[in-house]
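Take a look and give me a structure for this.
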Amino acid sequence: MAVHNIPERIKAERAGVDLIFVSPVFATLSHANISPLGLVRFAQITRDAKVPVIALGGITHKKAKSLRRFRLHGWAAIDGLAR
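Just a heads-up that it's a prediction; the model follows:
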């Protein structure tokens, strides 16, 4: 389930989802009209997650390295990995 804030994360966990997609972590063309979470809000949302977390939104190789400090199941990208 996609989540963008703590109440949505809690709702997803209560619904029994297997994992959550937290987005957009960084600015992304696919959600140009939405402010990115940034690392601080991403950390707040994911800190107490009871299910695996996948980071989405504006992920590049360099930005993926900044996510290493978080307890993530993984991350995904589309345009950020294309040349």
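
Look at the closest residue to I6 other than its chain neighbours and say how many residues are nearby.
Spatial nearest neighbour of I6, excluding adjacent residues (C-beta to C-beta, 6 or more residues apart in numbering): I45 at 5.6 Å. C-beta here means a position set from N, CA and C on the backbone, and glycine is covered the same way. For I45, the neighbour count with other C-beta atoms under 10 Å is 22.

element containing I45?
helix 38-46 (DSSP states H and E).

Tell me where the protein is predicted with low confidence.
79-83 (pLDDT under 70).

can you pull out the helices in it?
For the chain, the helices defined by DSSP state H cover 6-14, 38-46, 61-65.

what sits against A32?
Under the criterion of C-beta atoms under 8 Å, 6 or more residues apart in numbering, A32 has no neighbours.

sorry, back to before: now distance to A32 too, for the helices of the chain, in a markdown table please.
Formatted as a markdown table, the helices of the chain follow (distance: least, C-beta to C-beta, whole Å):
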| stretch | distance to A32 |
| --- | --- |
| helix 6-14 | 21 |
| helix 38-46 | 16 |
| helix 61-65 | 17 |
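
Which one of the ones you listed lies nearest to L29?
Closest to L29 of the helices of the chain is helix 61-65 (C-beta to C-beta; 14.1 Å).

Show me what that closest one is packed up against.
Applying 3 or more C-beta pairs under 8 Å, 6 or more residues apart in numbering; DSSP states H and E, we find helix 61-65 packed against no helix or strand.

Can you give me the buried ones in that helix?
63-64 (16 or more other C-beta atoms under 10 Å).

ok, now stretch 69-76?
For stretch 69-76, by 16+ other C-beta under 10 Å, it's 70, 72, 75.
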